[in-house]
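S.K.: I'll drop the sequence and a predicted model, then ask my questions.
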Amino acid sequence: MLKGFLIILLVIVVLIIAFIVGIIILGTYFNPFQLAFLINFDIVNTNDIDIWITPIGRTEGGRYYSPLPGKGFKKHYNKLLPANGSISIEYDWDDIAFAYILIKTSDESYYVMETDIGLYISEDGKSFGCCNYREKSRYLIPPLSELMECPEYFILCTRGKAIEYDSIEDHMPIKPRPEWQRGFKTVPESNRLEKDHAPTPYSSEEIREGCPPGRTMLFRCTVPEKPDYFKVMAFENCDIERACFQEYSLDSGGNLIGEKQNSQLNWTDLQQHASFSKTETMLSMVAIETELGYFQCWHYTVQTESGGKKKETHYYFSKTNPGPPVLLIEKVENKTILKMTMIVNSRYLIISFPLKHFQHKPAKMYSMDDSGNPKSNKIDADF
């Protein structure tokens, strides 16, 4: 009798445990909150050999690098990417800031490729903010000879492990990297809209792909002897022909300055904004470091006249973020009258004030050679 009772009790306990485990598993895989943050991107292998890839990022609120989390308990690591093939990755962008793709070959060689990092640093400088929607939906793995060797501390991530780091500075890029995301060293001639104009940094198609509905950018605007203010540019109901976006300005407390402006333009009209007279334009390649991150840039220096005074405008267009420049500087008679710095580049962003998570620090510029590599670690300018 007692034995039968114990068996029944054991069965009940097992069923309860199985029920709880089932609820946890179902809740994990079909959690509507998690599903809301799942997105996809593709990785394309341009090499003639098979490789194994591990996309990693910095975890939210922690001091770790980890493989990107997928649906449920899944992690993306050591995935086979066939020669000249592609793979689709689905991950939860709300929990991690995607930063690198680790690459392993059959002979156990390891490489690392930076992604289009757009992160901010906490007010105390001790942690990265999290997390940004990826505007980019496709990453190309270039010839491996163009990539840097993977640091040893990252290799554990290729086995599905998370690694802790002692300080952010240890694992931030110490200098600009070669341009990996696009296969040309200067802006393409096909981007030239007018015969007597310099080519634009992006085609209209690239701008359209880089500015999907929901992309929101926040710029800090600095003018002499006045408080900083902020400008917001948010893309809304865009389609294949037209860009629909809203622009407005805020003071340092987040209060609206003036009225919100809604605009609709063809994508070519947006491209036209960066079409400048060839005789007034100098074009070079530089790398800059701002509070948003490191960017390989096309630097347009446009010299004109305004009211009989010499005006010089510097545009820094990121090679991997089609759209407005990440930094704009206007000078009249060699005196800076406006500096506009992109400090947020995200999607469906809710901006809250005060802006505690953004450090106001000078931008730095590094010169580059014709191959897109930094000439040295020397900083050419602070501005």
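M.R.: Structure received. Numbers count the residues shown, from 1 in each chain.
S.K.: any low-confidence regions in the stretch 1-150 of the chain?
M.R.: Segments of the stretch 1-150 of the chain classed as low confidence (criterion: pLDDT under 70) are 1-5, 21-37, 60-63, 71-73, 94, 116-137.
S.K.: can you list the buried residues in stretch 51-69?
M.R.: 51-59, 63-69 (16 or more other Cβ atoms under 10 Å). Every residue, glycine included, has its C-beta placed from N, CA and C.
S.K.: then stretch 230-247?
M.R.: For stretch 230-247, a neighbour-count test (16+ other Cβ under 10 Å) marks 230, 231, 232, 233, 234, 235, 238, 242, 243, 245 as buried.
S.K.: export those residues to a markdown table and tack on pLDDT?
M.R.: Below are these laid out as a markdown table (pLDDT from 0 to 100):
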| residue | pLDDT |
| --- | --- |
| 230 | 92 |
| 231 | 94 |
| 232 | 92 |
| 233 | 93 |
| 234 | 91 |
| 235 | 92 |
| 238 | 89 |
| 242 | 93 |
| 243 | 94 |
| 245 | 95 |
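S.K.: could you work out the most separated pair of those residues?
M.R.: Checking the buried residues of stretch 230-247 against each other with Cβ to Cβ, the farthest-apart pair comes out as 230 and 242, at 26.1 Å.
S.K.: out of the buried residues of stretch 51-69, which are inside helices?
M.R.: Counting by DSSP state H, no part of the buried residues of stretch 51-69 is found in helices.
S.K.: so which of the buried residues of stretch 230-247 comes closest to residue 200?
M.R.: The shortest approach to residue 200 among these belongs to residue 243, at 14.8 Å (Cβ to Cβ).
S.K.: residue contacts, that closest one?
M.R.: Taking Cβ atoms under 8 Å, 6 or more residues apart in numbering as the criterion, residue 243 is in contact with 207, 208, 211, 235, 263, 264, 265, 266, 267, 269, 270.
S.K.: residues in contact with residue 157?
M.R.: Taking Cβ under 8 Å, 6+ apart as the criterion, residue 157 is in contact with 54, 56, 65, 66, 67, 77, 102, 163.
S.K.: oh, that last question was meant for residue 327, not what I typed.
M.R.: If you count contacts by Cβ under 8 Å, 6+ apart, residue 327 has them with 288, 290, 297, 314, 315, 316, 339, 340, 341, 342, 363.
S.K.: bridging residues for it?
M.R.: When assigned by DSSP bridges, residue 327 has beta-bridge partners residue 316, residue 341.
S.K.: same deal with the one 4 residues further on?
M.R.: In this entry, residue 331 is beta-bridged to residue 312, residue 336, by DSSP bridges.
S.K.: so where do the helices sit in the stretch 251-383 of the chain?
M.R.: 267-272 (DSSP state H, counting those that start in this stretch).
S.K.: the residue lying closest to residue 304 once chain neighbours are set aside: neighbouring residues, count only.
M.R.: In space, not counting the residues next to it along the chain, residue 304 is nearest to residue 311; the distance is 5.0 Å by Cβ to Cβ, 6 or more residues apart in numbering. Applying the criterion other Cβ atoms under 10 Å, we find 15 residues in the vicinity of residue 311.
S.K.: residue 284 now?
M.R.: Residue 284 is flanked by 12 other residues according to other Cβ under 10 Å.
S.K.: OK, contacts around it?
M.R.: Neighbours of residue 284 in contact, by Cβ under 8 Å, 6+ apart: 298, 299, 301.
S.K.: any idea how far it is from residue 329?
M.R.: As for residue 284, its distance to residue 329 is 14 Å (criterion: Cβ to Cβ, to the nearest Å).
S.K.: next one: residue 310
M.R.: With distances defined as Cβ to Cβ, the gap from residue 310 to residue 329 amounts to 14 Å.
S.K.: the two: which is more packed in?
M.R.: Using other Cβ under 10 Å, the more surrounded residue of residue 310 and residue 329 is residue 329, with 20 against 12.
S.K.: identify the residue nearest the more buried one in space, chain neighbours excluded?
M.R.: Distances taken as Cβ to Cβ, 6+ apart put residue 314 closest to residue 329, at 4.3 Å, once the chain neighbours are dropped.
S.K.: the one you found touches residue 298, doesn't it?
M.R.: No - taking Cβ atoms under 8 Å as the contact criterion, residue 314 and residue 298 are not neighbours in contact, 11.3 Å apart.
S.K.: just to revisit the earlier point, closest to residue 93 among the contacts of residue 327?
M.R.: After measuring the contacts of residue 327 against residue 93 - Cβ to Cβ - the closest member comes out as residue 342, at 19.6 Å.
S.K.: next, count neighbours for the closest one.
M.R.: For residue 342, using other Cβ under 10 Å, the count is 26.
S.K.: check contacts around it.
M.R.: 217, 218, 219, 290, 292, 324, 325, 326, 327.
S.K.: name the element residue 48 belongs to?
M.R.: Applying DSSP states H and E as the criterion places residue 48 outside every helix and strand.
S.K.: likewise residue 6?
M.R.: With elements delineated by DSSP H and E, residue 6 resides in helix 2-29, which encompasses its position.
S.K.: that older thread, least confident of the contacts of residue 342?
M.R.: Minimum pLDDT across the contacts of residue 342 is recorded for residue 292, with 79.
S.K.: wait, isn't that one in contact with residue 325?
M.R.: No - using Cβ under 8 Å, residue 292 is not in contact with residue 325, being 11.9 Å away.
S.K.: returning to what we had before: export the contacts of residue 342 to CSV and tack on distance to residue 20?
M.R.: What follows is those, written out as CSV (distance: Cβ to Cβ, whole Å):
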residue, distance to residue 20
217, 45
218, 44
219, 50
290, 49
292, 44
324, 51
325, 54
326, 50
327, 54
